[in-house]
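>>> Structure for this input, please:
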Amino acid sequence: MTILLKDDAKWLQAQRYWELIYVLVQRNLKVRYRGSFLGVYWSLLNPLIMTGLYTAIFGAAFASYYGNSIINYVLAAFTGLVIVNFFSASTSQALASVVGNGALLNKIRLPISIFPVSMITANVFQFTVGALPLLVVMTLVNSKSLLNVFALIFPFLSLILVCSGVGFFVSALYVFFRDLPYFYELVIFVLWLSSPVFYPAAIVPKQVKPFLGLNPLSPIIESLRQITLSSNPPDLSLLLSTILSSVIIFVLGWTCFQLWRHQFMDLL
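Residues are numbered from 1 along each chain as shown. Alright, predicted model coming up:
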């Protein structure tokens, strides 16, 4: 009987958590796109414009690394940009989520983790209705395999885990260090520049590659490109290493958040 009551209590707690997430995601999206003509599809416009710009500048120079095809370069640049843009937007919004809701937390008892989670979830929704359908079409055209389409979920899941881990970490750190957003802009820039977005990974010197290997976005981009642009089946070793590294980042971020959250209310 006691076990059943505990299970019911956990179920009700989980249900309340996800109801709060749903409300916060709805609020975030409504506030973000109130009066907007394109709505959530503005998140797709940026990578499309940047893809066109990169193609105009670098397409001819780097096409040889993509089967001497400008089209392949366009698709490769687009896949890299959607990953970097998702990471930049979701983690930057998660960074300010706890401090930005400090007044609410002082009035109502809420699980603090819902705020960074709601920011990540809002961006997941944007990605799902915006970039993901294009990636599915690209994968079907290039690979002609439903297996590759199904495999898209794994780099996307890895991206969500990385963003969640980093989001938990920076949102907790921002409570203590209010200068963090200025520093984090530099971190985002370094991650973008060290990710093979507008350039192929093959041109990176061997001496530099170990340092770029520390970038958690690089294997996700490479995995997504392998699935989307190749006619080969998904590379299982690349997928497994990508998922493993993303799980480690998530666990580290979540652990830091849990260790520090007891001090939040004194500083909000």
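
>>> dump the residue contacts of the residue positioned nearest the centre of the chain.
Centre of the chain computed as the mean C-alpha position; nearest residue by Cα atoms, centre = their mean is residue 87, 3.7 Å away. Contacts for residue 87 were tallied using Cβ atoms under 8 Å, 6 or more residues apart in numbering; they are 159, 162-163, 166, 188, 191, 217. To be clear about C-beta, it is placed using only N, CA and C from the backbone, and glycine gets the same treatment.

>>> Which helix or which strand is home to it?
Assigned by DSSP states H and E, residue 87 belongs to helix 70-95.

>>> cool, and residue 187?
helix 180-193.

>>> Following the chain onward from that helix, which element is next?
Next along from helix 180-193, by DSSP H and E: helix 209-212.

>>> May I have the helix or strand just after that next one exported as CSV, CA atoms only?
Proceeding N to C from helix 209-212, the next assigned helix or strand is helix 217-229, under DSSP H and E. Output of helix 217-229 as CSV, limited to C-alpha atoms (Å, rounded to 0.1, in the frame of the first residue of the first chain):
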residue,chain,number,x,y,z
LEU,A,217,28.9,20.2,-31.7
SER,A,218,31.5,18.9,-34.2
PRO,A,219,30.6,15.2,-33.9
ILE,A,220,26.9,16.0,-34.0
ILE,A,221,27.3,18.0,-37.2
GLU,A,222,29.4,15.2,-38.8
SER,A,223,26.9,12.6,-37.7
LEU,A,224,24.0,14.6,-39.1
ARG,A,225,25.8,15.1,-42.4
GLN,A,226,26.8,11.5,-42.7
ILE,A,227,23.1,10.5,-42.3
THR,A,228,21.6,13.3,-44.4
LEU,A,229,24.0,13.7,-47.3
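
>>> following helix 217-229, which helix or strand comes up?
helix 236-260.
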